[in-house]
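1. Sequence first, predicted coordinates after that:
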Amino acid sequence: MTKRITRDDPMYIEALSWMSYRYAIGITEYPHRNGLSEAERYRMFRDIEFNTPEFQALSAAFTDFLKRKKITDVVALRDQYRENDLIWLSRNYAMGRHSYAASHCNDILSYSNDVLSPERKEFMARDIRSQIADHLRWHSFFIPRELEETYSPLDLFLQFITENNIDSDEKYQEYSRIDVYLSSDGQISFATEKKEHNKSYFSFMSDIDDYLGWDQLASFFFPPCHKKCRIRFNGQESIIPYINSWSRIYYGSGNYRYERVKIPIDKLPNLFVRTYINQDYIVEDNIL
């Protein structure tokens, strides 16, 4: 898919709805962390009778919520939350899916400023990181939950394969387990286990590259990931805000290599066609 879907596009809600129900079918029957399924929790509220003490308590709590959020139009509130839910559900369906749906991150970026509040963007950034970490665990790469707050799981993964000169699927398959550690002085290290026989099929192209755009979306939504550098080009200097990411280089022999890149964010980044800052033009980095 090469066409951006904007919020005004007739396909906007249809695309969100399609991916949302594909993800949501069946999930309401799984137990929630408190032991109840989402369907059972919904029924708890549905079965409250009108004007009972339970009803009055629920009504008071909801009224207080509306006042705190300064919301006067309940219909607009419903539509806003429905839209946020659709984006969340569609994102969970699309992430890591080996089809055009994997590029849904580009669509979310396109209309994010019209739809998502800064708080919702930050929530989505953290949630994306958590989901990527869960996906990487299927590939024997284990990241402590507490590190997801300050480190990009995909960045740590690509750091590991770069430091260990892993440039093919076969080399990665030699590892049966990789654990990430953070020392008291803030240094990242890795502990690994290997086995003689390769594990199940793994492909950087289909299993990792699909996450790159999502990781970039998370960094774009998460202000602590925003940095600035000063560049000098044609005798003129300018300060460019950017996010850090990675780009894959493919060699005809079937080997891969990843390199760190900087994606400018002074304008809405186009994640369909990545634009990187030329390192040769940077004269000062990490400007406050």
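-> Great, that's in hand. Numbers count the residues shown, from 1 in each chain.

2. CA only for contacts and neighbour counts going forward, please
-> OK.

3. Return the distance of D169 relative to S176.
-> 13 Å (CA to CA, to the nearest Å).

4. Just the terminal-to-terminal distance for stretch 147-159.
-> OK, stretch 147-159 end separation, CA to CA: 15 Å.

5. pLDDT of it, averaged?
-> Per-residue pLDDT values across stretch 147-159 average out to 90.

6. contacting residues around it?
-> For stretch 147-159, the surrounding residues in contact (CA atoms under 8 Å, 6 or more residues apart in numbering) are 126, 129-130, 132-133, 141, 143, 211-212, 215, 245-246, 258.

7. hmm, try it at 6 Å
-> Residues outside stretch 147-159 that contact it (CA atoms under 6 Å, 6 or more residues apart in numbering) are A133.

8. How about it, which residues are buried there?
-> Across stretch 147-159, burial judged by 16 or more other CA atoms under 10 Å covers 148, 152-154, 156-159.

9. now those as a markdown table including distance to I265 and secondary structure?
-> Shown next, in a markdown table, are these (distance: CA to CA, whole Å; DSSP: H, G, I helix; E, B strand; the rest coil):
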| residue | distance to I265 | secondary structure |
| --- | --- | --- |
| E148 | 23 | helix |
| S152 | 18 | coil |
| P153 | 21 | helix |
| L154 | 20 | helix |
| L156 | 22 | helix |
| F157 | 24 | helix |
| L158 | 22 | helix |
| Q159 | 23 | helix |
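
10. Relative to Y181, which of those is nearest.
-> Of all the buried residues of stretch 147-159, Y181 sits closest to L156, with 10.5 Å by CA to CA.

11. Okay, that closest one and G235: tell me how far apart.
-> L156 is 36 Å from G235, by CA to CA.

12. try D114
-> 37 Å.

13. With neighbour numbers in mind, choose between these two.
-> D114 (10 against 6; other CA atoms under 10 Å).
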